[in-house]
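Colleague: any chance you could fold what I've pasted below:
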Amino acid sequence: MASAQKRPKRDENETIDGYIHMISPVKTSKNKNIKYFNAVMQEKLKFTDVVCFKPDLHCNFQDLEKKKSPVSLKNIQRVPSNRTSADFDIRVGFASELSTPVRALDFDFQPPPTLQTTTIKDIEQNLNAFQKATIAIKVIDIGPTESRTTRSGQVMDCKHIIVADSTSSISCCLWEAHFDSIKLAQSYKITNVAVRNFDNIKTLTTCPDTAFEATNDIGPIVESEKKPISVEKIIRIKSAACTAANKCSVCSKDVGNFNSELDTIKCQSCNMRQRTLDITKQYKCEVVAQVDNNNTKLIIPDLVLRGRPDLVLDPNQLETQLLNSVSLTVKLNIGCTHVLDITHIQN
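Modeller: Okay, the predicted model is just below:
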């Protein structure tokens, strides 16, 4: 029997010429503690994702992008793309070299499609979830601060804002790193904002590489009612996994079990010693729930659980209570899978 066709593989070294765009901050991989950054290479006929494992080139890349200067990358590797199975990304390794092209390029510096300004209506009609866009908008509403627990266990704050242009308006999840980037009724150019799709409703969310640039007033914006930033649903819990973690007061990571009779404890994640009285117990429930006849993964964070005095804050008992309930009436953020509030529990 013939074996399944494998993804294409091209790992030979080569040299490419072009222009550099969209340089990310230097990042550290979770598993191997390796530093790297991402970028986009403008070749003659296409734009290609780049991952660079030489962090010392970061400043050079930024300077070349700022000056719109052509670059030559030697000894790079083409590796299967993380986004499209038929494409290849560029890997810049320790043996790769950055220089000026030997010959003048026969094409000009052009921004990638994600840096070309699009309208909100175009996002709603044509972009898919997880695609990124650049928009020119005005902030028309800013919601209250909410706390969320990420998949890595980190507690982060966010706000939901409503932005509008002349074509439409849309909800955007603004993470705490960008809180100081916006003001109500001000106009901005937002670069690298990501699209989300929940219940067939498009929303936006900021990412680590999202950038805000204050601009002159964009002029008239669409006249419409504010779009909701949450949706109420009646759900039925089909499975549940509840956890309790002792959160570090500095980095919010789990410090594990400890002797509460000790005066202090050192967090192994951030290496900071602190009073044991400052360590807080935090609960989280990950559930699979029936939402509109679909099985959907949801996270019920600590603040929501504590807001229900009829729920017992013990992982095993929480799981049992949720599974024994007939239904829950909840508020969900549009475009995410977090429960904002449990307004009713039917037993």
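
Colleague: where does this structure have low pLDDT?
Modeller: Residue ranges of the chain with pLDDT under 70: 1-12, 30-32, 82-86, 114-115, 149-154, 199, 223-229, 334-336.

Colleague: show me the domain layout of it.
Modeller: 13-99, 113-227, 232-346 (automatic domain parsing).

Colleague: which one of those lies nearest to Asp106?
Modeller: Closest to Asp106 of the domains of the chain is domain 13-99 (CB to CB; 7.4 Å). Bear in mind the C-beta positions are built from the backbone N, C-alpha and C, glycine included.

Colleague: end-to-end on that closest one?
Modeller: End-to-end distance for domain 13-99, by CA to CA, to the nearest Å: 16 Å.

Colleague: would you pull up how far it lies from the middle of the chain?
Modeller: 21 Å (CA atoms, centre = their mean, to the nearest Å).

Colleague: can you map out the strands along the stretch 1-150 of the chain?
Modeller: With strands called from DSSP state E, counting those that start in this stretch, the stretch 1-150 of the chain shows them at 13-21, 27-28, 35-42, 47-52, 71-80, 88-92, 97-99, 117-118, 132-142, 146-149.

Colleague: which residues does the longest one contact?
Modeller: Think strand 132-142. Contacts to strand 132-142, defined as CB atoms under 8 Å, 6 or more residues apart in numbering, come from residues 114-120, 123, 127, 159, 161-165, 169, 182-195, 204, 207, 215, 217-218, 221, 226.

Colleague: now swap in the fourth one and tell me
Modeller: When contacts are taken as CB under 8 Å, 6+ apart, the neighbours of strand 47-52 outside the stretch itself are 20-21, 36-41, 58, 61, 81-83, 87-92, 96, 112-113.

Colleague: distance to Leu105 and mean neighbour count added to the domains of the chain, as CSV?
Modeller: Compiled in CSV, the domains of the chain are given as follows (distance: least, CB to CB, whole Å; neighbours: other CB atoms under 10 Å):
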stretch, distance to Leu105, mean neighbour count
domain 13-99, 5, 16
domain 113-227, 19, 16
domain 232-346, 40, 16
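
Colleague: rebuild these as JSON lines, extending it with distance to Phe107.
Modeller: Output for the domains of the chain, formatted as JSON lines (distance: least, CB to CB, whole Å):
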{"stretch": "domain 13-99", "distance to Phe107": "5"}
{"stretch": "domain 113-227", "distance to Phe107": "16"}
{"stretch": "domain 232-346", "distance to Phe107": "37"}
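
Colleague: Ala133 bridge partners, please.
Modeller: Val193 (DSSP bridges).

Colleague: what do you get for Thr329?
Modeller: Ile234, His344.

Colleague: Phe47 too?
Modeller: With DSSP bridges as the rule, Phe47 is bridged to Gln42.

Colleague: repeat that for the one 5 residues further on.
Modeller: Residues in a beta bridge with Cys52, per DSSP bridges, are Phe37, Val92.

Colleague: now the end-to-end length of stretch 108-125.
Modeller: One end of stretch 108-125 sits 30 Å from the other (CA to CA).

Colleague: I should have written stretch 165-182 there, sorry.
Modeller: With CA to CA applied, stretch 165-182 spans 16 Å between its terminal residues.

Colleague: Ile34 against Lys27, yeah?
Modeller: No. The criterion here is CB atoms under 8 Å, and Ile34 misses it with Lys27 at 9.2 Å.
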